[in-house]
Every structure is written in C-alpha cells, then in structure tokens.
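Q: please work out how this folds:
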Amino acid sequence: MEAIERERRLRACLEGSSVSRLVGGWLAEDVPSLDVGGAVLSGRRVEALLRIKSPGVLAGKTFVEAVFAAVGVTEVRWTEAAVEGVEIHEKDLPCILAVICGEDRKVLLGERTALNILARCSGVATRARTLVQLVQRAGWAGNVAGTRKTTPGFRLVEKYGMIVGGADPHRFDLSSMVMLKDNHMACCAGGVGEAIATVRSLAGFSVKIEVECGTVGEAIAAAKAGADIVMLDNFVSKEFWTAAETVKAAHPAVLVEGSGGLSEANLVQYCCPAADILSLSIAQNFQVVDFSLKVAITSA
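A: Predicted coordinates:
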C-alpha cells in the first residue's frame, strides 16, 4: 500500500496541460506529415503487451498514458507489477507491465514515442536510485540532487525521473531559484554583496539565492552577504570536506552544496557531515531501460 500511495503522490505532481503540450510536440516530431505505413492497417481492435526487458526502476506511466490518449487510445491496463518507482530485477524479466488496447493504427502510432519516454524516464530514475543508495549506505543524511544539465524539451521527464528515483530535482529552471555562477560574477561590475542585494530585491523573500564558489574565501563572502546556499564547485574531496566544515562553522544556517566532478565512482568521498547537498548530472550518462510493445491479440 505504501508503494501505491507513493505512486499516487508522484503522478499527482504532473500537471495535465503541461504533459499534453509536451506530448503534442513529441508526436509532431515523429509524424510531421504522413504515416504511410499506417495504410496497411485495417482499423481492427488490438491488444498489445508492454514488457520491461532489462532491470531498472519503472518511471513515466503518466507520460505513456498521455501519448496513447493523444492518438485516441484510452485503454492502458497496468499490471500489479507496474507500480511507479518499483525496482524490477533481472530474475523477474521479462515482465508484462501493461496491456494497451485500441485500434491497430492508433496503438502503433503512439508506440515508439511512448517507449522512448518510458526508457529514458526509467533510466534516469534507475541512476538516481543507485546514487541515493550509495550515499545512504555510507550513512550520509544529505540530498543527492540532479543538475539542470538535461535534454532540451525533455526536462520535465528527466526531472520527474530523478524524483521517482529518490533524488532531489534541484532547480527546474532559471525561474525556480537564483544561482549566481562564476560567469555571472565575471560579468558583474560589483562584488558578490552587490549581486546578491540586486537579485534579492527583484526575486523577493520566497526565492532562494545560491552562489557558485571556487574558493573557501568566496564561499564565506557569499554566505556573509546573504546567500542561502553556497556551492563549492570543483573541489577535490579532501579540500571539499575542509571547506564545507569551515563554511558551516561560520554560517550554520547556510546550506552547503558540493558540485563539479562528482560521479558514481567518487560520490561517497564527498559525503561530508557539513555538506547538505551533492549535485551531479543525473540525466547524463545514464543507461536506458529496455521496453517492448508487441501485438498479442487482434479482433475484427
């Protein structure tokens, strides 16, 4: 029941009109004009089996339903095994996740788009789950977060996959949180104090401000100037521990984030008690999960 309730909450986060707009664009990309192959289909009702063929965390059911609904297929029957966020293991493969029922041409029209989304969303969720489990086994209580390095036009899917996998989605876009990066500071005429004061006056009290810092001195200055979060960027692990402890000792209320150069191979080395967040590009270099859709039954 806990897994089902978590799925309900996850799927409730996805706003319908936003999903529909994305789906419309994806389908237009796949069928910009004619679907000539569809001419050989008779319009009969079919049932197609959706299977998962490689291990991973299932994520993206809402997107699959939206794709098929957009092409006129409204009957997607998920099996008991197909719970959003469940991890499906090698021993359980291949596993039937859903039966898709509808007119043959419409089912095949949505097939590839639906599978592509499911494969990538589940791949991101699987990588996120792996990273989160790594730090949990190390006894670290902070947040693993996914950066804004996402595929253009696919960010909602990838960020949602991170959430399903248990990672923090970080900021969704430039409007979600102010992040003053090194290039901002290089182009800014004043110092970090003036920059923070400027964005605070415009963003208001409800928006957090983060400053990317390359040295401990920059981090202390940013925290003193009113940054909510300081990012210690591209520190080697030993220096990161020292810097994080120094910042947290001087400014306990400021969140400390580590980023830059983090990977599955070295993430645990950065699990410092003084660090609150470790961020990396979860939506890059992930392995997609393999799914297939095969017509099983046809009727007139």
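
Q: now name the helix or strand holding the closest residue to residue 30 other than its chain neighbours.
A: The shortest distance from residue 30 to any residue that is not its chain neighbour, by CB to CB, 6 or more residues apart in numbering, is 5.4 Å, and that residue is residue 113. Heads up, the C-betas are built off the backbone N, CA and C, glycines and all. Secondary structure assigned from DSSP states H and E places residue 113 in helix 104-137.

Q: what comes up buried for that helix?
A: Taking 16 or more other CB atoms under 10 Å as the basis for neighbour counts, the residues of helix 104-137 that come out buried are 104-111, 113-132, 134-135.

Q: neighbouring contacts of stretch 233-249?
A: Judged by CB atoms under 8 Å, 6 or more residues apart in numbering, the contacts made with stretch 233-249 from elsewhere in the structure are 182, 212-214, 216, 219-220, 223, 230, 232, 254, 256, 258-261, 266, 269-270, 272, 274-275.

Q: go on, stretch 61-73?
A: Contacts made with stretch 61-73 from outside it, assessed by CB under 8 Å, 6+ apart, are listed as 7, 11, 14, 16, 19-20, 22-24, 26-27, 50, 74, 76, 78, 82, 84, 98, 100-103, 106-107, 109-110, 113-114, 117-118, 121, 157.

Q: quick one, which of those residues are buried?
A: For those, a neighbour count by 16+ other CB under 10 Å gives the buried set as 7, 14, 19, 22-23, 26-27, 50, 76, 78, 82, 84, 98, 100-103, 106-107, 109-110, 113-114, 117-118, 121, 157.

Q: what's the first helix or strand after the helix holding residue 113?
A: The first helix or strand that comes after helix 104-137 along the chain, using DSSP H and E, is strand 143-146.

Q: and the strands in the stretch 101-250 of the chain?
A: Secondary structure of the stretch 101-250 of the chain by DSSP state E, counting those that start in this stretch: the strands cover 143-146, 178-180, 209-213, 229-233.

Q: out of those, which gets nearest to residue 203?
A: Closest to residue 203 of the strands of the stretch 101-250 of the chain, according to CB to CB: strand 178-180, at 5.4 Å.
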